[in-house]
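1. Let's see this in three dimensions:
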Amino acid sequence: MSEILNFQIMNKTMLKGIFLSAAVMLSATVYSQTKSPFIYESGNTTIKLGGFIRTVALYDFKGSVQNNDFVNSTISIPSNWEYQKRTSYDASASRLGLKITQNIEKFGPLDIYFEMDFRGANDVLRLRQAYVAFSGFTLGQTWSFWYDAASMPAMIDIQGVNSRTFLRTPLLGYTAKIGKDLTFGVSFEIPKAKITTATGYKSVNQTTPDIPFFLQYKGKSGHIKAAGIFRTITYGVTSDEELKSASAFGAQLSGSLKVVKNFTLYSNGIYGKGVARYINDLGALNLDLVPNQDNGGMQVIPMWGVSLGLKADLSQKIYCTSTYSVAGINSDYNYYSANEYLKGDYFSATMFWNVAKNLSVAGEYLHGKRVNMNHASAEANRLQMMVMYTF
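-> Model (predicted):
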């Protein structure tokens with residue numbers, strides 16, 4: 001065990017050393033060749049180093065979330081008197097990315113991308129994305145094809161509204177233009193399932209990839225994305241040591257619309273069975289597969305999420321955003337006790353100020369509410385401020 005641990009530590013140390021050394025060498029080399037100290041160009045190759053330093057100070061009151069990400073489903077019911085307030089400071093979301101682009105004769109542009117932050121255990125360097133993209137194919141770890149960043153306004157809370165999909169995963173995907181403004185995509189993504197097991201059943205390794213797909217229209221005034229997903233969730237029956245599976249599926253509709261020059265609307269809706277992994281609030285719980293109290297077996301259950309957001313540009317340097325979101329599960333299935341999660345509400349109000357080139361500050365108010373099956377509830381509130389420098 002100690003040898004394995006030492007090997008893992010050595011690999012992480014080597015990875016950090018190689019990445020940071022490359023960054024230093026790149027910056028030094030590039031500075032003498034280009035106007036930007038973070039871009040290097042030679043022949044058919046372009047290398048760009050980028051990222052940001054991001055610090056956030058937060059204060060929770062009238063209930064708290066014991067995490068730097070504001071996840072409604074983790075709010076304690078009943079509220080713990082000793083956790084009603086909380087102050088914290090976090091810079092772990094600071095990010096470093098390296099993008100290499102090569103123009104290859106047969107394939108056209110080939111992109112290689114690495115992205116890391118410091119949100120691993122004990123604030124160590126963590127891999128966010130690492131992929132290769134060419135000719136419509138994407139291979140590696142990146143955003144799930146169900147993720148739609150453009151359907152949510154900017155905010156300080158990284159996790160974002162409780163109804164959205166916010167998931168990076170290893171995948172093999174393909175996207176293609178099927179019209180001037182129309183794009184199709186499909187991917188095979190590494191399966192993971194959070195299961196609440198009944199007596200006689202257990203969680204096991206997943207063997208069948210999740211298959212999300214989408215069709216997206218993007219125009220001058222906004223976009224609309226229709227997406228679906230098929231999943232096969234495997235579980236074990238301990239009495240006869242047999243593997244069984246349950247089929248799961250989901251549908252999502254999301255988009256954005258610039259109503260007038262300085263005002264944009266955003267919306268997102270999800271419905272499905274066994275797609276808890278793809279809904280923020282539910283992804284923190286073991287809801288992909290749950291017990292069936294009627295027959296003692298296992299089942300996938302209906303779940304949903306919906307949000308509406310806006311962005312208002314007050315000037316060239318100042319803008320504000322706000323979002324209201326609800327996510328939950330259907331209560332007409334006999335599978336849970338009264339004190340388990342039913343739904344969560346999320347509200348955000350944020351103001352951004354682009355102080356100078358690459359430098360921005362923001363303030364944000366968050367309100368979250370969790371409701372259980374017996375309609376007991378608890379709330380949490382947060383004020384936070386961010387300072388970010390992008391390079």
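2. Could you pull out the buried residues of stretch 373-382?
-> Along stretch 373-382, these residues count as buried under the neighbour rule (16 or more other CB atoms under 10 Å): 373, 377-382. Placement of C-beta: from N, CA and C, glycine included.
3. do stretch 38-53 as well
-> For stretch 38-53, a neighbour-count test (16+ other CB under 10 Å) marks 38-40, 46-49, 51-52 as buried.
4. before we move on, what about stretch 278-298?
-> Buried, per 16+ other CB under 10 Å, within stretch 278-298: 278-285, 287-292, 298.
5. The residues you listed in helices, which ones?
-> 280-283 (DSSP state H).
6. Using TSV, lay out these together with distance to Leu96 and pLDDT.
-> Converted to TSV, those look like this (distance: CB to CB, whole Å; pLDDT from 0 to 100):
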residue	distance to Leu96	pLDDT
Asn280	25	94
Asp281	29	94
Leu282	31	94
Gly283	26	91
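7. Rebuild the residues you listed as JSON lines, extending it with distance to Met155.
-> Compiled in JSON lines, these are given as follows (distance: CB to CB, whole Å):
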{"residue": "Asn280", "distance to Met155": "13"}
{"residue": "Asp281", "distance to Met155": "16"}
{"residue": "Leu282", "distance to Met155": "20"}
{"residue": "Gly283", "distance to Met155": "18"}
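8. Wait, a helix at Arg164?
-> No: when DSSP: H, G, I helix; E, B strand; the rest coil is applied, Arg164 is found to be coil, with no helix at that position.
9. Just to check, it is in contact with Asn280?
-> Yes: counting by CB atoms under 8 Å, Arg164 touches Asn280, with 5.6 Å between them.
10. Identify the contacts common to these two.
-> Taking CB atoms under 8 Å, 6 or more residues apart in numbering as the contact criterion, the common neighbours of Arg164 and Asn280 are Gly305.
11. Nearest the geometric middle of the protein, what residue?
-> Phe166 (2.1 Å; CA atoms, centre = their mean).
12. Of the buried residues of stretch 373-382, which belong to strands?
-> Those of the buried residues of stretch 373-382 mapping onto strands are 377-382, per DSSP state E.
13. Quick check: of the residues you listed, which lies closest to Val65?
-> Of all these, Ala380 has the smallest distance to Val65: 5.1 Å, by CB to CB.
14. Now do the contacts for that closest one.
-> 60, 62-65, 70, 72, 75, 367-369.
15. Tell me, what's the model's pLDDT at the residue nearest to it when sequence neighbours are not counted?
-> Taking CB to CB, 6 or more residues apart in numbering, and ignoring the residues beside it in sequence, Ala380 has Gly63 as its nearest neighbour in space, at 3.7 Å. pLDDT recorded at Gly63 is 93.
16. Tell me the secondary structure at Gly63.
-> Going by three-state DSSP: Gly63 is coil.
17. Quick check, Ser245 in contact with Tyr235.
-> Yes: using CB under 8 Å, Ser245 is in contact with Tyr235, at 7.3 Å.
18. Which strands border the longest strand belonging to the chain, and is each parallel or antiparallel?
-> Taking DSSP E as the criterion, the chain has its longest strand at strand 242-260. When sheet partners are counted by DSSP bridges, strand 242-260 sits next to strand 222-237 (antiparallel), strand 263-273 (antiparallel).
19. Please identify which of the buried residues of stretch 278-298 is nearest to Leu172.
-> Using CB to CB, the buried residues of stretch 278-298 come closest to Leu172 at Tyr278, 17.9 Å.
20. how about the nearest residue to that closest one, chain neighbours excluded?
-> Leaving aside its sequence neighbours, Tyr278 sits nearest to Thr165 (CB to CB, 6+ apart; 4.8 Å).
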